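K.L.:
give me the fold of what follows.
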Amino acid sequence: MVQSIHRAFDLLTALAVEPAGLTELARRTDLPKSTAARLLATLQDLDAVERADESGLYRLGAAFNALAGSSSRTDLASLAVPHLHNLTNQTSETSGISIPDGYRVHYLIQVDSDNPIQIRDWSGELIPMHAVPDGQIYMSEWPDERLERYFSLDPVSFTAATITTEHAMRDRMDLFRERGYTWVMEEFVEGLNSVAAPVKNDAGKVIAAIHVYGPAYRFPIDGTQSTIGEQVVKAADRLARSIVRAGVTR
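P.N.:
Residues are numbered from 1 along each chain as shown. Reported below is the predicted structural model:
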């Protein structure tokens, strides 16, 4: 019994690094595939592990994420709210904050604009990394082998503009590193544009991202891309300082 608990914990620890298939998990934990499969099945029953439909990879499940991250995520979202309100007032568009979750972006909370056309509330949604600006920021910190592995899984094309190749993503990430923010133009949802900037801890690691999005016909107005991008960068930097002062860790 105790041995099984240790082995299950080893599997969860491996999945905390990144999603993986059965063979890879067995290799990482030095377990027989049959043993790993049996333990993963039990963890799935408990919602501690789930299997991604699009890739078949195992990843941490809702129950485990709720236990492991509820407090820090709530603190982060609470700290972000005043900065998001300020950003929404500046841009007149909806703003939000996200954190990385394996190969997905977890949108924590958003602050809506007062513009007549409202944007869907994405709070709580999990979205593939490649399709949104927040995810592209997180991917910019990945080692080469992880980026290669992600694109070997044939990422979903949500619109005609979705980036689905490693080469194109590397070009996008180069622009992000140069500017400090990144735009996505109708790559996840047709008619929707968004821009994001990283929130870094005191060690310089990206722990979250702030974004703004709005209807493509009005956001951004021509010639305002860099101004809006810099506003998002400043909001992300202010939030980062608030996080350090509050002692919130991720």
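
K.L.:
make it CA atoms for all contacts and neighbour counts henceforth
P.N.:
OK.

K.L.:
all helices of this structure, in order?
P.N.:
In the chain, the helices defined using DSSP state H lie at 2-17, 22-29, 33-45, 62-91, 133-139, 144-152, 166-179, 225-246.

K.L.:
how about the second one, which residues are buried there?
P.N.:
Taking 16 or more other C-alpha atoms under 10 Å as the neighbour-count basis, helix 22-29 is seen to contain the buried residues 22, 25-26, 29.

K.L.:
please export the C-alpha coordinates of stretch 91-109 as CSV.
P.N.:
Listed next in CSV are the C-alpha coordinates belonging to stretch 91-109 (Å, rounded to 0.1, in the frame of the first residue of the first chain):
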residue,chain,number,x,y,z
THR,A,91,-7.8,50.6,-23.3
SER,A,92,-11.7,50.5,-23.1
GLU,A,93,-11.4,46.7,-23.7
THR,A,94,-11.6,43.6,-21.6
SER,A,95,-8.5,42.6,-19.7
GLY,A,96,-7.6,39.4,-17.8
ILE,A,97,-4.9,37.3,-16.3
SER,A,98,-3.7,33.7,-16.9
ILE,A,99,-1.3,31.1,-15.6
PRO,A,100,0.4,28.2,-17.4
ASP,A,101,-1.2,24.7,-16.9
GLY,A,102,0.9,22.1,-18.7
TYR,A,103,0.3,22.6,-22.4
ARG,A,104,-2.6,24.9,-21.8
VAL,A,105,-3.3,28.4,-20.6
HIS,A,106,-5.6,28.7,-17.6
TYR,A,107,-7.6,32.0,-17.7
LEU,A,108,-8.2,33.0,-14.1
ILE,A,109,-10.3,36.1,-14.1
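
K.L.:
nearest to residue 114, out of the helices of the chain?
P.N.:
helix 62-91 (9.0 Å; C-alpha to C-alpha).
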